[in-house]
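Novice: next one to model:
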Amino acid sequence: MRTVSAPSGRWSGRQDEGAVVFHGIPYARAARFAAPRREPPRAGTTDATVPGPVAPQLPSRLEAVMGPAAPLPQSEDCLTVTVTAPGNGTATDPAPVLVWLHGGAYLSGSGEWNLYDATRLVRETGIVVVSVSYRLGVLGYLRAPGVAPGNLGLLDQIAALEWVRDNITAFGGDPCRVTVSGQSAGAHSVAALLGIGPARPLFHRAILHSAPLGLRFHTHQRAARAARPFLAALPADPPTASVSDILAAQARAARALAGPAGLNSAPPYLPVEDTHPLPEFAQWRQNVVRRAPGLQALIGTTADEAAAFHRPHPFFTRLRRVPVLGQPASAALSRLIQRKVFDAPARDFADLLAEAGAEVWRFRFGHLHPDNPLGACHCIELPLLFGDSTAWREAPMLRPLTPGEAATEGARTRRYWGEFVRTGRIDDAAWPRHRLGSDAPHPLP
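Specialist: Numbers count the residues shown, from 1 in each chain. As a prediction, this is how the structure comes out:
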């Protein structure tokens with residue numbers, strides 16, 4: 001056990017080999033469909049050795065590739081951070097901080113998940129990792145005038161960054177060296193935060209894994225289209241409906257919005273432009289450009305992003321069985337999604353930042369094993385950075401590798417990420433900075 005006294009309270013964490021973990025620290029509270037409010041300091045010492053609750057959610061659609069996370073209770077009172085700090089007690093200078101925003105299509109996931117355990121990353125790099133839980137689905141991103149304002153999940157993330165600014169020194173972190181990082185929906189959130197004025201002073205570097213930047217943000221019209229089937233399916237008033245009714249109505253709406261055969265895999269609920277705190281798109285882009293000088297960014301994708309969505313999908317399974325044309329047609333559709341949603345937008349965003357004065361490095365994760373049919377699918381890099389062999393033991397995307405073998409494979413990646421969080425650079429002559437118009441991301445792992 002190790003106890004830390006911070007402005008938010010006194011927290012007792014779990015000592016691990018080379019690291020100490022503080023679970024479930026609340027950074028804010030929020031009533032349903034209301035903005036987050038800062039938590040007053042806790043009196044006494046609070047046990048932070050057990051994971052906190054996760055945001056209300058249904059099972060992730062990516063369990064078919066990632067495997068399941070360890071089950072945790074669900075609660076609307078879910079605005080927490082898990083802090084993993086070096087635990088050897090020998091550091092004299094504050095450590096740089098990585099703030100992790102999980103993915104999950106804005107519908108699932110949690111900073112409390114065992115899949116994102118940062119003990120190994122912290123032990124090997126000496127950084128502090130803060131994993132953030134934020135509101136999901138309609139509870140976090142519904143925009144319906146008179147019901148929900150939209151972008152509550154974004155406000156949660158900003159509140160978490162404010163908590164880091166005010167508290168991380170007590171955990172051995174440096175509030176002047178904060179890197180905000182995310183994967184998938186989390187990376188999409190990082191892109192949004194780069195163009196939100198009040199958020200930008202809260203972090204200094206950015207890492208975007210597999211951001212679906214081709215989706216952009218919802219307009220008011222698209223947000224209204226996503227709200228209608230949910231409100232129609234909900235049998236009670238949204239502010240008072242049960243969580244189970246909300247999740248059931250959300251699931252029915254998501255199926256309707258996915259279209260025929262469920263082919264539209266885009267998140268049904270996501271940040272809405274021209275809705276507090278996110279400016280309309282042109283202003284967001286202008287803000288990104290204006291604040292780019294001095295920013296360091298890592299931006300990348302995996303080589304087979306769409307395989308995570310298409311390989312297990314019944315439609316694509318049937319399509320691949322069609323003689324002669326099935327396999328090529330399925331592969332062509334996956335390549336189209338890869339190019340339109342992930343690869344080309346990542347290159348264009350890197351160009352935008354670099355042209356405006358940011359230092360940018362790009363990456364692309366490749367196959368871990370040639371015999372796995374999922375290839376270098378969406379999420380393939382996560383076990384290289386986070387979790388232990390127990391967390392990822394049921395992940396189909398790793399087979400035939402064991403999670404331990406994947407962790408060994410990820411040692412170089414963890415070293416790169418730690419170096420970037422610490423210095424804002426990649427010190428490897430074989431990995432040059434991004435040049436405008438270049439479409440040659442550095443291969444990993």
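Novice: okay, and for the protein, where does confidence drop off?
Specialist: Along the chain, the parts satisfying pLDDT under 70 run over 88-91, 314-317, 319, 321-322, 324-326, 329.
Novice: quick one: residues contacting residue 444.
Specialist: Contacts here follow CB atoms under 8 Å, 6 or more residues apart in numbering; on that basis residue 444 touches 300, 363-366, 381, 412-413, 416. Where you see a C-beta, it was placed from the backbone N, CA and C, and this is true even at glycine.
Novice: same check, this time on residue 184
Specialist: Here residue 184 is in contact with 103-105, 209-212, 378-379 (CB under 8 Å, 6+ apart).
Novice: can you go through those and name the buried ones?
Specialist: 103-105, 209-212, 378-379 (16 or more other CB atoms under 10 Å).
Novice: which one of the contacts of residue 184 is nearest residue 199?
Specialist: For these, the closest approach to residue 199 (CB to CB) belongs to residue 211, at 16.1 Å.
Novice: the closest one against residue 187, yeah?
Specialist: Yes. When contacts are counted by CB atoms under 8 Å, residue 211 is listed as touching residue 187 (3.5 Å).
Novice: any idea how far the host helix or strand of residue 65 is from the chain center?
Specialist: For residue 65, the host element (DSSP states H and E) is helix 63-66. How far helix 63-66 lies from its chain's middle: 16 Å, per CA atoms, centre = their mean, to the nearest Å.
Novice: any chance you could list what contacts that helix?
Specialist: Contacts of helix 63-66 (CB under 8 Å, 6+ apart): 60, 115, 307-308, 311-312, 374, 377-379, 382, 392, 395-397.
Novice: which pair of those spans the longest distance?
Specialist: That would be 115 and 311, which, of the contacts of helix 63-66, are the farthest apart (CB to CB) at 19.6 Å.
Novice: now, the buried ones among the contacts of residue 184 that are in strands?
Specialist: residue 209 (DSSP state E).
Novice: could the buried ones among the contacts of residue 184 go into a markdown table alongside distance to residue 25?
Specialist: Listed next are these as a markdown table, based on distance: CB to CB, whole Å:
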| residue | distance to residue 25 |
| --- | --- |
| 103 | 21 |
| 104 | 21 |
| 105 | 26 |
| 209 | 24 |
| 210 | 27 |
| 211 | 27 |
| 212 | 29 |
| 378 | 29 |
| 379 | 26 |
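Novice: what's the closest of the buried ones among the contacts of residue 184 to residue 268?
Specialist: residue 105 (8.3 Å).
Novice: that closest one is in contact with residue 183, isn't it?
Specialist: No. The criterion here is CB under 8 Å, and residue 105 misses it with residue 183 at 11.3 Å.
Novice: direction included, what does the top strand by length along the chain pair against?
Specialist: Longest strand of the chain, by residue count under DSSP E: strand 173-183. Applying DSSP bridges, strand 173-183 is found paired with strand 95-101 (parallel), strand 205-209 (parallel).
Novice: can I get those strands in JSON lines with distance to residue 170?
Specialist: Formatted as JSON lines, these follow (distance: least, CB to CB, whole Å):
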{"stretch": "strand 95-101", "distance to residue 170": "12"}
{"stretch": "strand 205-209", "distance to residue 170": "22"}
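Novice: if I look at residue 430, how far off is residue 253?
Specialist: 47 Å (CB to CB, to the nearest Å).
Novice: residue 438 now?
Specialist: 41 Å.
Novice: higher neighbour count, the two?
Specialist: residue 253 (24 against 15; other CB atoms under 10 Å).
Novice: wait, doesn't that one sit right on residue 225?
Specialist: No. If you go by CB under 8 Å, residue 253 and residue 225 don't touch, sitting 10.2 Å apart.
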